[in-house]
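Peer 1: return atomic coordinates for the entry below.
(2 chains)
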Amino acid sequence: MKRILLACSSGMSTSLLVSKMKEIAKLRNLKVEIWAVGNEKVDTDMEKADVLFIGPQMRFLKKKLDKKADKLGIHIEVIDSIAYGRVDGEAVLNRALELIH
Amino acid sequence: MNKFMEFLENILLPIADKLNNNRYLTALRDGFMVSLPLIIFGSIFVVIANLPFLDKVLSEETYAVYQNALAPASESTLSIMGLFVIVGIAYKLTKYYDGEAVYGGVVALASFLILIPQTLEGVAGVIPASSLGAQGLFVGIFTAFISAELYHYFANKNFTIKMPPGVPEAVSRSFSALIPISLTLSIFLIIRIIFSFTHFETVQNFIFTVIQGPLTKLGSGLGATIFAILLIQIFWFFGLHGQVIINSVFDPIWFALNDQNLQAFQSGQELPNVITKQFVDTFLVGMGGSGMTLAVIILIFLIGRSRQTRELGRLGGPSGIFNVNEPIIFGLPIIMNPLIFIPWLLAPVIVTIITYFVMSIGLVPKPAGIIVPWTTPIGLSGFLATGNSWRGAVLQIFNLLVVMGVWWPFLKILDKSYYEKEKKQVV
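Peer 2: Numbering: from 1, shown residues only, chains lettered A, B, ... in the order given. All right, here's what the predicted structure looks like:
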């Protein structure tokens, strides 16, 4: 089971992306858990994740979370803003699988 | 142009980073977040207690009984939001330091109670509810910061009573909290006593007169509001979440102004402020998200010819109704798009001025202090925010048309350039 966490200010816009990613994961029969959280919950939820994606509008979070991600040994990345604008679940899911491997 | 953009981004990103990752501002924002469900609960009951036409259907007496029965819902939450914010801030700040967060929270609460008046019009043993709401908001925020810092400082000194092994953890934890808590509270008691000798009499009065009063007065003005709105728009233009960054500074002011209106609304007096939390959330952000992009989505459906914009309209439409507009911001794109820069800054300023003006002259009621969740769709949010007035909804629709007017020529140019590019690709 691969766990993919997405974070933005309140977990609203990232949850749009999450539902697209889930659709594609289901089509491909992938065993993944994908969820979105707001700013204030990233810190605790990232402990349960294999990879953390941050919405580009919150990219200033990365600096703060880098240290913890390092300690947990998980990948952390800001979502590409074009993929974000297109709500391109496939691109983000592919990138996630790439990072976990 | 690209160089200039890069230059600006290099300035803005560190500011966003500093403001968002500052531990006090983070605690402040999270503190408000903690109190939000309670505030919204209270708001719902203010709305229900003031449903339109009810005062015409029911007799005056029945209406009063009805309102009195519902009053505790908002009076125990929305009206005394300061209390919850304080606990939330201190909890989060203590947690940041890896301390016993729940103690951090209650110490801040006790510290705050030590500082506020405990008499009302000569009656002892009474805490004025107004001190727990907007009037006490700033002193509460400062108290939460300082008490959490002091508690953290004392807890880290080895003043704590260490218990021998074998004593249950909870027992030793309660003892280990005793000394830091006592020292922290003693300091606040001393502060209270010192202030009782000044002509301010209480710390709350001091903070209110010296800081909160001037700041809220400044924040209630049109100039400061336009300044804040422009900053939010500029941050968003660079793809940075403007609200998260700016609200952590402005929220205390906007909430304090909001609460003044709520108190006036509930006692049937004239509302003092146009600018409140809801002015910004409902009449600016609440029209499809920051930058009022619902107007852009509608325009796309009206005049959009290119595949790119029309697809974006379909993609961003449903979430746009609930004021989530990242697809539009990143997809149109609005970010870093020189053509869009003008309507992006201009439209919110015009809407701010219109809304301020019509509320000032009384054409549309001022926000009643009710907190409407920011995901509430346009029309309904305007109705609720103005204390159940259809005029609030009409104003939103009017503003939407204004935004569409401002955007029209710019979107047309953008759409045309996409359309022509697509045509070339087909050929």
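Peer 1: I'd like to know which elements the biggest helix by length in chain B is packed against.
Peer 2: When every helix of chain B is counted residue by residue (DSSP state H), the longest turns out to be helix B:390-426. Applying 3 or more C-beta pairs under 8 Å, 6 or more residues apart in numbering or on different chains; DSSP states H and E, one finds that helix B:390-426 makes contact with helix B:294-303, helix B:307-321, helix B:338-360, helix B:380-385. C-beta coordinates here come from the backbone N, C-alpha and C atoms, glycine included.
Peer 1: show me what from the stretch 1-150 of chain B comes close to chain A.
Peer 2: B:13, B:16-17, B:20-21, B:29-30, B:33 (C-beta under 8 Å from any C-beta of the partner chain).
Peer 1: recalculate using a threshold of 6 Å.
Peer 2: Near chain A, the residues belonging to the stretch 1-150 of chain B are B:16-17, B:20-21, B:30, B:33 when assessed by C-beta under 6 Å from any C-beta of the partner chain.
Peer 1: tell me the confidence at B:Asp30?
Peer 2: B:Asp30 is assigned 87 on the pLDDT scale.
Peer 1: and if you look at B:Thr160?
Peer 2: Reading off the confidence values, B:Thr160 has pLDDT 57.
Peer 1: now swap in the one 3 residues further on and tell me
Peer 2: Per-residue confidence (pLDDT) for B:Met163: 71.
Peer 1: burial count for the residue in the stretch 101-250 of chain B that chain A sits nearest to?
Peer 2: For the stretch 101-250 of chain B, the nearest residue to chain A under the criterion C-beta to the nearest C-beta is B:His241, separated by 4.1 Å. Burial of B:His241 is recorded as 28 neighbouring residues (other C-beta atoms under 10 Å in any protein chain shown).
Peer 1: do the same with the one 3 residues further on
Peer 2: Neighbours of B:Val244 under the rule other C-beta under 10 Å: 24.
Peer 1: buried set for the helix or strand containing it?
Peer 2: Under the criterion DSSP states H and E, the helix or strand holding B:Val244 is helix B:242-266. Residues of helix B:242-266 classed as buried under the neighbour-count rule (16 or more other C-beta atoms under 10 Å in any protein chain shown) are B:242-248, B:250-266.
Peer 1: which residues touch it?
Peer 2: In this structure, residues lying in contact with helix B:242-266 by C-beta atoms under 6 Å, 6 or more residues apart in numbering or on different chains are A:9, B:16, B:19-20, B:25, B:28-29, B:32, B:133-134, B:137, B:141, B:215-216, B:219-220, B:228, B:231-232, B:235-236, B:271-273, B:276-277, B:290, B:368-369, B:387.
Peer 1: following element in sequence after that helix, please.
Peer 2: Scanning the chain past helix B:242-266 towards its C-terminal end, the next helix or strand to appear is helix B:277-280 (assignment: DSSP H and E).
Peer 1: now for that following helix, which elements pack on it?
Peer 2: Packed against helix B:277-280 by the contact rule (3 or more C-beta pairs under 6 Å, 6 or more residues apart in numbering or on different chains; DSSP states H and E) you find helix B:242-266.
Peer 1: touching, B:Gly379 and B:Ala393? I think so.
Peer 2: Yes. With contacts counted by C-beta atoms under 6 Å, B:Gly379 reaches B:Ala393, the gap being 4.6 Å.
Peer 1: who touches both of the two?
Peer 2: In contact with both B:Gly379 and B:Ala393: no residue, using C-beta under 6 Å, 6+ apart.
Peer 1: how about stretch B:402-413: buried residues?
Peer 2: Residues of stretch B:402-413 classed as buried: B:402-404, B:406-407, B:410-411 (neighbour count, 16+ other C-beta under 10 Å).
Peer 1: same question, stretch A:37-51
Peer 2: Of the residues in stretch A:37-51, those scored as buried under the neighbour-count criterion (16+ other C-beta under 10 Å) are A:37-43, A:45-46, A:49-51.
Peer 1: what angle separates the longest helix along chain A from helix B:307-321?
Peer 2: Looking only at chain A and at elements set by DSSP H, the helix with the highest residue count is helix A:13-27. Counting by axes from the mean of the first three to the mean of the last three C-alpha atoms, to 10 degrees, helix A:13-27 lies at 110 degrees to helix B:307-321.
Peer 1: JSON lines for the helices and strands packed on helix B:390-426, including distance to chain A?
Peer 2: Compiled in JSON lines, these are given as follows (distance: least, C-beta to the nearest C-beta, whole Å):
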{"stretch": "helix B:294-303", "distance to chain A": "13"}
{"stretch": "helix B:307-321", "distance to chain A": "6"}
{"stretch": "helix B:338-360", "distance to chain A": "13"}
{"stretch": "helix B:380-385", "distance to chain A": "16"}
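Peer 1: turn those into CSV, columns for mean pLDDT and mean neighbour count.
Peer 2: Formatted as CSV, these follow (pLDDT from 0 to 100; neighbours: other C-beta atoms under 10 Å in any protein chain shown):
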stretch, mean pLDDT, mean neighbour count
helix B:294-303, 95, 22
helix B:307-321, 92, 19
helix B:338-360, 95, 18
helix B:380-385, 94, 25
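Peer 1: this completes my enquiry, with thanks.
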